[in-house]
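**Q** fold the following, please.
(2 chains)
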Amino acid sequence: MPLPDFTQNYFELFDLPQAFQLDAKLLGERYRQLQRDLHPDRFASAAAHERRIAIQYSAYVNEAYAALKAPLPRAEYLLQLAGMSREEISKQPVDGGFLMEQMELREKLESLPDMVDPETALDHLVVEITGDLAAHRAEFEAAFDAGGLKAAASACVKMQYLDKLLSEAEQAESDLLDN
Amino acid sequence: MALLKIAEPGQSPMPHQTRRAVGIDLGTTNSLVATVSGGRPDVLPDMAGAVMLPSVVSYAGEREPVVGAAARELASQHPADTLVSVKRFMGRGRDDAAADALRSHYQLADNTEGMVRFVTSAGEISPVQASAEILSVLEARARETLGGDIEGAVITVPAYFDEAQRQATKDAATLAGLRVLRLLNEPTAAAVAYGLDSQEEGVVAVYDLGGGTFDISILRLHKGVFEVLATGGDTALGGDDFDAAIAGWVCEQAGLENLTGGQHRALLALARSVKEALSAQDSVEIELDAIVPGAPALTLAREAFEELINALVRRTLRACRRCLRDAGVEAVDNVVLVGGSTRVPLVREAVEECFGREPLADIDPDRVVAIGAAIQADILVGNRPEGDLLLLDVIPLSLGLETMGGLVEKIVPRNTTIPVTRAQEFTTFKDGQTALALHIVQGERELVSDARSLARFELHGIPPMAAGAARILVTFQVDADGLLQVSAREETTGVESSVTVKPSFGLSEDQVAEMLQASFSHAAQDKSARQLAEQKLEAQQLLQGLDAALAADGAELLDESECGALHAGMHQLRELLEGEDIGAIREATATLGRASETFAARRMDRSIRKALAGVSLESLDNEVGE
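**A** Numbering: from 1, shown residues only, chains lettered A, B, ... in the order given. Down below sits the predicted model:
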């Protein structure tokens, strides 16, 4: 069974410029256009081998879309295209000030259940994390566009930290709602 | 015939007659079948004019099982032999289902392995068999109404169904002799029923509260593409729980204890009618004398009823909020109500409050899912102009592997768009380790013990190496039905192993085959003739597709020898089709299929380039005007 031979990278697949700044609307249009032609549902009456191929192509397009749609995976993918492995990215040092901030944010998150009004406190925390994320996205973009791979990777690591924290905050929110 | 589309967008070179396909809503309480005829979707009634088939199968009689309203009549006399709400037991193990079974007065077989089985007068029956009986009745209804064999069916499942529950549903269809075109998530089906004509754009929430399951899905509609952004729910929460709450209140108020199975069933039926009456009235008189002689009459006010079910309704709202967040949207443009339980006024009010929109319920909430499924079936068999509608669905629960220390490593997170292929590398942890056991699990929790176990398999023949030196690539592939296939490969040696995940609580291939043999409805049919016809059809489809593809692109994409080889294979298959040798036809079809894979892949690659060229050239306005 030949696997889809995609030598193109994800940006080429969607015919978009290889950059962090991305036209989300255009990406969505092109993603839907590709799925219109490749999705296995288009092959429901076709022979079994064609259905298998369609699944692989369609899965590939989904994978590409998921990698470009959200800022963090997009940043990681750009660094990988520039020759940096996941391990190298994760080894980039981040400054001590950032780590201190992280610890403080994390402490706030952990102390939520003891607060008088945990929901409001959580709302503030989420706003703070989201703001930080936006700032480090801008940091990534500036560094990457200027060709500073290491600085970009460092910003990417910060985005990873904050992204994880944000999903933990969301989990905390649903725990609060459940109680 | 999607290949044809690549050749000539919008035109099928091979005119064909309309194919008979149906949509089936296999519900907890009721099941329906619908089809599209003359371009209009509609549900199909039985001879007596009833559209809804109660999802009840009774094995009380001496002969064949009784299905539907007649079976429901038997429920209070033969509680253990009459299976209601079997959907709640699909794909579940004995331990998992014990509490539900006790409440329903079923007796369970002792098997601790595999799916739960009910002990009835007709022997042990699995939920899959009972579901197959329901599907058979609907299939027969469609065949009689439409005047011929059904080419295929789209069967709906709750979006929140896990792998085992989906596989069980598919097995039930196989057992009923139905070809499954697609398992379709119920909320997505409802969105299709609403969204198709209106060419709507925007974000839609589908709130689906049925008899036994609750689903919430958030979709983005975009020029005929339905993209599911997130889905959530609870597979053990529904209108049945409202009935049980009323029944519990009645027992408490009237001081009823130690009811027999039959009395309890009768009380639940009464509770159901009380619930339905309370949708229109402010209070209802409950006469218990017929069930428990001498028991006092009670009055239940709507307010008191709402208090009884308030916690259940709030539970659904929590799932809604989580789903909104997963979807990454702040607000929705429309809310669609699905399922009979959304007739309860408190449910409507709560949904309106949660989404800040008055919900849509123009299409009968009992029928909307079957109608959406019928539309999708019509598209999948090729009765509609292509490009009309495309559904991009997601997996409801994360899929992962057990790692060291009983932890779950998520490979495919929930709400990932399907189909999807994800691979991850693992390694050995002992020196000289030659085998690796893989345990596939589903769920959101971090500990394996809290997740649902789907399957286990082993990769053998890893050459002895130092710990951490082997590179084992594990690949998860989920198809458009949400069904999983896992393969593992040691990269340095190429040793491979793979498994189509048959969930631990599912049925083995052998069990399905055995049931097929035993199934009464199939003994009557000439099985081998049917198989031959199916095999011939598959061969003809392949030949037709290749004819069209070769005519369109053969010269451009194939060299002379490749073209010649394909023509030779086609010629051989055509000759075999004159005869009756099913084995030879199957083999030649498979060989030709493999031979044409490269061609198909080249066409797919070119189609990608063309699709993108099309997008770049067309302006947005042109697309809107289509």
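**Q** use CA for all of it now, contacts and neighbours both
**A** Fine.
**Q** B:Val204 falls within a strand, correct?
**A** Yes - under DSSP: H, G, I helix; E, B strand; the rest coil, B:Val204 falls within a strand.
**Q** the closest residue to it other than its chain neighbours and B:Val203: what is the separation?
**A** Using CA to CA, 6 or more residues apart in numbering or on different chains and skipping residues adjacent in sequence, the residue nearest B:Val204 is B:Asn334, 4.8 Å away. For B:Asn334, the distance to B:Val203 (CA to CA, to the nearest Å) stands at 7 Å.
**Q** compare these two (neighbour count), which wins?
**A** Relative neighbour count places B:Val203 above the other of B:Asn334 and B:Val203, with 20 against 17, counting by other CA atoms under 10 Å in any protein chain shown.
**Q** just give the nearest non-adjacent residue to the more buried one, would you?
**A** Counting by CA to CA, 6+ apart, B:Val203 lies nearest to B:Arg220, which is 4.5 Å off, once chain neighbours are set aside.
**Q** up against chain A, what does the stretch 451-600 of chain B have?
**A** Contact residues, the stretch 451-600 of chain B versus chain A (CA under 8 Å from any CA of the partner chain): B:Asp479, B:Ala480, B:Glu538, B:Ala539, B:Gln541, B:Leu542, B:Gly545, B:Gly593, B:Arg594, B:Glu597, B:Thr598, B:Ala600.
**Q** of those residues, which belong to helices?
**A** Among these, the ones falling in helices (DSSP state H) are B:Glu538, B:Ala539, B:Gln541, B:Leu542, B:Gly545, B:Gly593, B:Arg594, B:Glu597, B:Thr598, B:Ala600.
**Q** got any ranges where the chain has weak pLDDT?
**A** Assuming you mean chain A. Scanning chain A for pLDDT under 70 picks out A:1-7, A:177-179.
**Q** you looked at the wrong chain, it should be chain B
**A** Where chain B drops to pLDDT under 70, the residues are B:1-17, B:62, B:112, B:196-200, B:385-387, B:497-530, B:611-626.
**Q** hey, which helix is longest across it?
**A** The longest helix of chain B (DSSP H) is helix B:302-327.
**Q** and the residue nearest to B:Ala130 when sequence neighbours are not counted, how far from B:Asp46?
**A** Take B:Ala130 and drop its neighbours on the chain: the residue closest to it by CA to CA, 6+ apart is B:Val57, 6.3 Å away. Going from B:Val57 to B:Asp46 by CA to CA gives 17 Å.
**Q** who does the residue of chain B found nearest chain A bridge with?
**A** Relative to chain A, the nearest point of chain B is B:Val420 (4.3 Å; CA to the nearest CA). Beta bridges link B:Val420 to B:Val478 when assigned by DSSP bridges.
**Q** that one reaches A:Ala59, doesn't it?
**A** Yes - the criterion here is CA atoms under 8 Å, and B:Val420 meets it with A:Ala59 at 4.3 Å.
**Q** write out the residues of chain A neighbouring chain B.
**A** Residues of chain A lying near chain B (CA under 8 Å from any CA): A:1-2, A:4, A:14-15, A:29-30, A:32-34, A:36-38, A:40-50, A:53, A:55-56, A:58-60, A:62-63, A:174, A:177-178.
**Q** again, only this time at 6 Å
**A** A:Arg42, A:Phe43, A:Ala44, A:Ser45, A:Ala46, A:Ala47, A:His49, A:Ala59 (CA under 6 Å from any CA of the partner chain).
**Q** which of B:Val57 and B:Asp46 has more neighbours?
**A** Higher neighbour count among B:Val57 and B:Asp46: B:Val57, with 28 against 17, using other CA under 10 Å.
**Q** for the more buried one, phi and psi?
**A** Dihedral angles of B:Val57 (phi, psi; degrees, to the nearest 10) stand at phi -130, psi 130.
**Q** over to B:Leu221?
**A** Main-chain dihedrals, B:Leu221, degrees, to the nearest 10: phi -100, psi 130.
**Q** bridged to it, which residues?
**A** Assessed by DSSP bridges, B:Leu221 has beta-bridge partners B:Gly202, B:Phe226.
**Q** quick check: it touching B:Glu201?
**A** Yes - in terms of CA atoms under 6 Å, B:Leu221 counts as a neighbour of B:Glu201; the distance is 5.0 Å.
**Q** what about those two, which has more around it?
**A** Per other CA under 10 Å, whichever of B:Leu221 and B:Glu201 has more neighbours is B:Leu221, with 22 against 15.
**Q** what distance do you get for the more buried one to B:Cys323?
**A** For B:Leu221, the distance to B:Cys323 equals 17 Å [CA to CA].
**Q** thinking again about what came up before, mind putting the residues of chain A next to chain B into a markdown table with secondary structure and neighbour count?
**A** Putting the residues of chain A next to chain B into a markdown table (DSSP: H, G, I helix; E, B strand; the rest coil; neighbours: other CA atoms under 10 Å in any protein chain shown) gives the following:
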| residue | secondary structure | neighbour count |
| --- | --- | --- |
| A:Arg42 | helix | 25 |
| A:Phe43 | helix | 25 |
| A:Ala44 | coil | 21 |
| A:Ser45 | coil | 21 |
| A:Ala46 | coil | 21 |
| A:Ala47 | coil | 23 |
| A:His49 | helix | 19 |
| A:Ala59 | helix | 26 |
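**Q** out of those residues, flag the one nearest to B:Val292.
**A** Nearest to B:Val292 out of these is A:Ala44 (CA to CA; 54.7 Å).
**Q** name the nearest residue to that closest one, sequence neighbours excluded.
**A** Nearest residue to A:Ala44, sequence neighbours excluded (CA to CA, 6+ apart): B:Leu380, at 5.6 Å.
**Q** what about that neighbour, how many residues nearby?
**A** 25.
**Q** what of the one 3 residues further on?
**A** Burial of B:Asn383, expressed as a neighbour count using other CA under 10 Å, amounts to 18.
**Q** that one: what's it in contact with?
**A** Counting by CA atoms under 6 Å, 6 or more residues apart in numbering or on different chains, B:Asn383 makes contact with B:Thr18.
**Q** what does A:Gln33 give?
**A** Applying CA under 6 Å, 6+ apart to A:Gln33 gives no contacts.
**Q** tell me which element it is part of?
**A** According to DSSP states H and E, A:Gln33 maps onto helix A:24-38.
**Q** and B:Ala230, by the same measure?
**A** Using DSSP H and E, B:Ala230 sits in strand B:225-234.
**Q** need the residues of the stretch 451-600 of chain B next to chain A in JSON lines with distance to A:Ala134 and neighbour count, can you?
**A** Output for those, formatted as JSON lines (distance: CA to CA, whole Å; neighbours: other CA atoms under 10 Å in any protein chain shown):
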{"residue": "B:Asp479", "distance to A:Ala134": "35", "neighbour count": "21"}
{"residue": "B:Ala480", "distance to A:Ala134": "35", "neighbour count": "25"}
{"residue": "B:Glu538", "distance to A:Ala134": "54", "neighbour count": "19"}
{"residue": "B:Ala539", "distance to A:Ala134": "56", "neighbour count": "25"}
{"residue": "B:Gln541", "distance to A:Ala134": "53", "neighbour count": "16"}
{"residue": "B:Leu542", "distance to A:Ala134": "52", "neighbour count": "25"}
{"residue": "B:Gly545", "distance to A:Ala134": "50", "neighbour count": "20"}
{"residue": "B:Gly593", "distance to A:Ala134": "50", "neighbour count": "23"}
{"residue": "B:Arg594", "distance to A:Ala134": "50", "neighbour count": "17"}
{"residue": "B:Glu597", "distance to A:Ala134": "46", "neighbour count": "18"}
{"residue": "B:Thr598", "distance to A:Ala134": "45", "neighbour count": "19"}
{"residue": "B:Ala600", "distance to A:Ala134": "44", "neighbour count": "21"}
